[in-house]
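K.L.:
got a predicted model here, sequence first, then my questions.
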Protein chains: 2
Amino acid sequence: MALNTFEKDNIRFMKAAILRAKTAAKHGETPVGCVIVKDGQIISSGRNKRENGKNALYHAEIQAIDKACKKLGGWRLHECDLYVTLEPCAMCAGAIINARIKNVYFGASDTKAGSFGSVINLADLPYNHKPVIHSGLLSEECSYLLSDFFKQLRCHKQMNKSSSEIKALPEQ
Amino acid sequence: MALNTFEKDNIRFMKAAILRAKTAAKHGETPVGCVIVKDGQIISSGRNKRENGKNALYHAEIQAIDKACKKLGGWRLHECDLYVTLEPCAMCAGAIINARIKNVYFGASDTKAGSFGSVINLADLPYNHKPVIHSGLLSEECSYLLSDFFKQLRCHKQMNKSSSEIKALPEQ
């Protein structure tokens, strides 16, 4: 089935978010990437940097919202849409509500922290703004990024453990 | 009734947060102030800067958490307590959960956006950390700061409106 322009754009923007998530993984961070779009153009992006940045606030969405506010010179992003590879946590969902972002597209669901449908849907509560939530865009690709990252992490840990055990063996 | 050291400290820290809120008001911002405490010492503080900073993220708690992470060199603030004059919104409540802050003391409740008891209590949901929430510390003083600020704002607007109307009168 042929995709219309709107659907093609959505896929293009989520693929741009996926690229940022892959960059996060290359830096040893849980792969989450985000872009913010206004008038059909990406105006800012972010990727998860919590471990290397040593900061609880350094989620992909927060980075992207910060840059978008600086770029547009105001705190209201009501003409903007946000694309993120993983369902936003409460902090990021709250930031999206505060920034008045119009539409949110996310890929993979997050059963542990997701706050636009999994643990709770903050967009359903009576805050002063309700973004429209679109879940599951390229969800398989976004989920695979995460499962592959954690699989590789477990392998590295196992290898390091085996290597330590070999070193700890008594000399013959 | 005499206060014990713990109660005296709590009041001292909330009064420090109130000072930051007053500074916010002097700059024309909704008066909200916050301090973060570790081992009985204030290690960081923040005040609302959303309007002048032109950024949706510039809430008092976010400023304080950002500084505390930078000061301690890590994203886990699990040995820290946070004092804030107004009940945190969803973004700030989420940031507090993400940063693993132990105790949260807030003054005034926020019926429109408060996310530790008013609109919802995010500390009751099954996220991977549950801060202990203490509401109503110096609540009258914190609430007065806000009501006084909005009262003055309305007066200024009324004066500006009257002044415009006088200017708009036809010359005699």
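P.N.:
Nice, thanks for sending it over.

K.L.:
C-alpha from now on. contacts and neighbour counts both.
P.N.:
OK.

K.L.:
can you map out the strands along chain A?
P.N.:
Using DSSP state E, the strands of chain A run over A:33-38, A:41-47, A:80-86, A:103-108, A:132-135.

K.L.:
distance check, the nearest residue to A:Lys102 once chain neighbours are set aside against A:Gly40.
P.N.:
Using CA to CA, 6 or more residues apart in numbering or on different chains and skipping the chain neighbours, the partner closest in space to A:Lys102 is A:Pro131 (5.0 Å). Distance, A:Pro131 to A:Gly40, using CA to CA, to the nearest Å: 18 Å.

K.L.:
between the two, who's got more neighbours?
P.N.:
Neighbour count, other CA atoms under 10 Å in any protein chain shown: between A:Pro131 and A:Gly40, A:Pro131 has more, with 22 against 13.

K.L.:
from what I can see the more buried one touches A:Ala99, true?
P.N.:
No - the criterion here is CA atoms under 8 Å, and A:Pro131 misses it with A:Ala99 at 9.8 Å.

K.L.:
and the helices in chain A, which stretches?
P.N.:
Taking DSSP state H as the criterion, chain A contains helices spanning A:5-26, A:50-53, A:60-72, A:90-98, A:139-168.

K.L.:
give me whichever of those helices is most buried.
P.N.:
helix A:90-98 (a mean of 26; mean count of other CA atoms under 10 Å in any protein chain shown).

K.L.:
what is it packed up against?
P.N.:
If contacts are counted by 3 or more CA pairs under 8 Å, 6 or more residues apart in numbering or on different chains; DSSP states H and E, helix A:90-98 sits against helix A:60-72, helix B:90-98.

K.L.:
got the helices of chain A as TSV, with mean pLDDT and distance to B:Glu87 columns?
P.N.:
Listed next are the helices of chain A as TSV, based on pLDDT from 0 to 100; distance: least, CA to CA, whole Å:
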stretch	mean pLDDT	distance to B:Glu87
helix A:5-26	96	33
helix A:50-53	97	25
helix A:60-72	98	21
helix A:90-98	98	14
helix A:139-168	88	34
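
K.L.:
how about those, which one is nearest B:Val32?
P.N.:
Comparing the helices of chain A by their distance to B:Val32 (CA to CA), the top pick is helix A:90-98, with 15.7 Å.

K.L.:
quick one, which of the strands of chain A is nearest to B:His156?
P.N.:
Judged by CA to CA, the one of these that comes nearest to B:His156 is strand A:80-86, at 32.5 Å.

K.L.:
measure A:Lys112 to chain B for me?
P.N.:
A:Lys112 sits 6 Å away from chain B, going by CA to the nearest CA, to the nearest Å.

K.L.:
what residues does that residue make contact with?
P.N.:
Residues in contact with A:Lys112 (CA atoms under 8 Å, 6 or more residues apart in numbering or on different chains) are A:Ser118, A:Val119, B:Pro126, B:Tyr127, B:Asn128.

K.L.:
most neighbours among these, please name it.
P.N.:
B:Tyr127 (19 neighbours).

K.L.:
for it, which non-adjacent residue is spatially closest?
P.N.:
In this structure, B:Tyr127 finds its nearest non-sequential neighbour in A:Ala113, 5.8 Å apart by CA to CA, 6+ apart.

K.L.:
torsion angles phi and psi at that neighbour?
P.N.:
Reported as degrees, to the nearest 10, the phi and psi values for A:Ala113 are phi -130, psi -10.

K.L.:
what count of nearby residues applies to it?
P.N.:
Close neighbours of A:Ala113, defined as other CA under 10 Å, add up to 22.

K.L.:
cool, the one 4 residues further on as well?
P.N.:
A count of nearby residues for A:Gly117, using other CA under 10 Å, gives 18.

K.L.:
please give me every residue in contact with the residue nearest to A:Leu138 when sequence neighbours are not counted.
P.N.:
If you skip the residues right next to it in sequence, A:Leu138 has A:Gly107 as its closest partner in space, 5.5 Å away by CA to CA, 6+ apart. The contact partners of A:Gly107, by CA under 8 Å, 6+ apart, come to A:14, A:84-87, A:135-140, A:142-143.

K.L.:
centre-most residue in chain A?
P.N.:
Nearest to the mean C-alpha position of chain A, counting by CA atoms, centre = their mean, stands A:Val32 at 3.6 Å.

K.L.:
torsion angles phi and psi at that one?
P.N.:
In terms of degrees, to the nearest 10, the main-chain angles of A:Val32 are phi -130, psi 130.

K.L.:
what distance do you get for it to chain B?
P.N.:
For A:Val32, the distance to chain B - CA to the nearest CA - is 16 Å.

K.L.:
report the contact partners of A:Phe149.
P.N.:
Listed by CA under 8 Å, 6+ apart, the contact set of A:Phe149 reads A:Ala25, A:Thr30, A:Pro31.

K.L.:
tell me how far the second one lies from chain B.
P.N.:
In this case it means A:Thr30. Distance, A:Thr30 to chain B, by CA to the nearest CA: 15 Å.

K.L.:
quick one, what contacts A:Ile43?
P.N.:
Neighbours of A:Ile43 in contact, by CA under 8 Å, 6+ apart: A:Val35, A:Ile36, A:Val37, A:Ala68, A:Lys71.

K.L.:
wouldn't the third one be in contact with A:Ile65 here?
P.N.:
No - applying CA under 8 Å as the test, A:Val37 and A:Ile65 come out as separate, 10.7 Å apart.

K.L.:
I am finished for the moment; much appreciated.
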